[in-house]
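**Student:** Predicted coordinates and the sequence they were generated for:
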Amino acid sequence: MSKYEPLWKYISSTCKESLTLSYKDIEDVLGFPIDHSFLTYKKELLEFGYKVEKISMKRQTVEFIKEI
């Protein structure tokens, strides 16, 4: 189990086509802030039917979309 699995489960439980979360939202789900390792771990999200579509450093958000 990776440290980001609680986030992947949260995203997949929403059953939404797309979801945008702020860094703060992600921190609230995980209990710790995301760091550079997020870029490595984000590929695990595919196992849960979603992928990272866009990371906005300026707005501090991450957009997730459901894989078809």
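**Tutor:** Nice, I can see it. These numbers come from a predicted model, not from an experiment.

**Student:** and L45, what is it in contact with?
**Tutor:** Going by CB atoms under 8 Å, 6 or more residues apart in numbering, L45 touches 4, 8, 11, 51-52, 64. (Glycine included, C-beta is placed from N, CA and C.)

**Student:** Any chance you could list what contacts the helix or strand containing I65?
**Tutor:** Element membership for I65 (DSSP states H and E) is strand 61-66. Residues outside strand 61-66 that contact it (CB under 8 Å, 6+ apart): 11, 16-23, 26, 34, 45, 49-56.

**Student:** Of the residues you listed, which belong to helices?
**Tutor:** 11, 23, 26 (DSSP state H).

**Student:** most surrounded residue in the residues you listed?
**Tutor:** Among those, I11 has the most neighbours (other CB atoms under 10 Å), with 22 neighbours.

**Student:** Turn the buried ones among the contacts of strand 61-66 into a named PyMOL selection, would you?
**Tutor:** This is how PyMOL selects the buried members of the contacts of strand 61-66, with burial counted by 16 or more other CB atoms under 10 Å:
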select buried, resi 11+19+21+23+26+34+45+50+52
